[in-house]
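*Asks:* need a structure here:
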Amino acid sequence: MAGCVDVRAYAELNDFLAAESRDLAVRRAFRPHQTVKDVIEAMGIPHTEIDLILVNGEPVDFAHRPRDGDRIAVYPAFETLDIPPVARLRPAPLREPRFVADVNLGRLARLLRLLGFDVTWASDAEDETLAFVSREQERFLLTRDRGLLKRRAITHGLFVHADRPFDQTVEVVRRLDLGGQLAPFTRCLRCNGPLVAAPKAEVIDRLEPLTARYYDEFGRCTECGQIYWPGSHHPQLQSIVKAIGAEL
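*Replies:* Modelled structure (predicted):
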């Protein structure tokens, strides 16, 4: 046994802790080989949720080895700190916000596609596959599985706190500040393929009578052929945009 440290988590990182450990310094034992990343993740906080670690008031990286009696403060992304500028732990933001969602977030994937985001999802994807896709295709991994986010290979990940798909969608867009990048009706909700304009004459035989009567602009998925038009899913889209506080 190397000793003990006091660890304090801030803001939403407390959601990963037991009720009795929130918003206070928690005494944690550690072994000589353990890093601050090991100590913090043992408490239940995935490294992908952490933006800054201070040890005795000084910023450190995940590989830092603590000493007996150290005071460790852990902060999430976008936390406002009244200290001089410091190097943050999160990797540089991905150039293009793309996602891979775990098997339990299929409805979230669908709603993010409605907003125009590139989201891969499969109902039978294994954890190893999700981690591989996230790393190799440079996609944010969206999950409610803390253990999955603790995998060393995953650098861009987001633990989704909300339970309802609508709330999950608003949470993801707000936390990653994506309100200015919405592009509705550019992605297929079914398969994630890009949409292209489709002349009415080419799709009219696939339309319901009222749709054919009242709409003239249509989109077609380049992958599965699904047809979309401005009125489809419009109320749902408007509700999400309003909750986000964005404009189209």
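
*Asks:* Need the three-state assignment for the residue positioned nearest the centre of the chain.
*Replies:* A centroid search over the chain (C-alpha atoms, centre = their mean) returns Leu158, at 3.5 Å, as the residue closest to the centre. Following DSSP: H, G, I helix; E, B strand; the rest coil, the label given to Leu158 is strand.

*Asks:* try Val7
*Replies:* When classified by three-state DSSP, Val7 comes out as strand.

*Asks:* Touching, the residue nearest to the centre of the chain and Arg174? I think so.
*Replies:* No - with contact defined as C-beta atoms under 8 Å, Leu158 does not reach Arg174; the gap is 11.3 Å. (C-beta placed from N, C-alpha, C; glycine too.)

*Asks:* all strands of this structure, in order?
*Replies:* Assigned by DSSP state E, the strands in the chain fall at 3-9, 26-30, 50-55, 58-59, 71-76, 98-101, 118-121, 140-143, 157-159, 195-198, 218-221, 227-228.

*Asks:* of those strands, which approaches Gln236 most closely?
*Replies:* Gln236 lies closest to strand 227-228 among the strands of the chain, at 12.9 Å (C-beta to C-beta).

*Asks:* So which elements touch that closest one?
*Replies:* Here strand 227-228 touches strand 218-221, going by 3 or more C-beta pairs under 8 Å, 6 or more residues apart in numbering; DSSP states H and E.

*Asks:* By mean pLDDT, flag the weakest helix or strand of this protein.
*Replies:* Averaged element by element with mean pLDDT, DSSP states H and E, the chain has its least confident helix or strand at helix 234-244 (a mean of 88).

*Asks:* roughly how far is that helix from the heart of the chain?
*Replies:* 19 Å (C-alpha atoms, centre = their mean, to the nearest Å).

*Asks:* got a list of contacts for it?
*Replies:* Helix 234-244 is contacted from outside by 111, 114-115, 166, 169-170, 173-174, 179, 182, 184, 247-248, using C-beta atoms under 8 Å, 6 or more residues apart in numbering.
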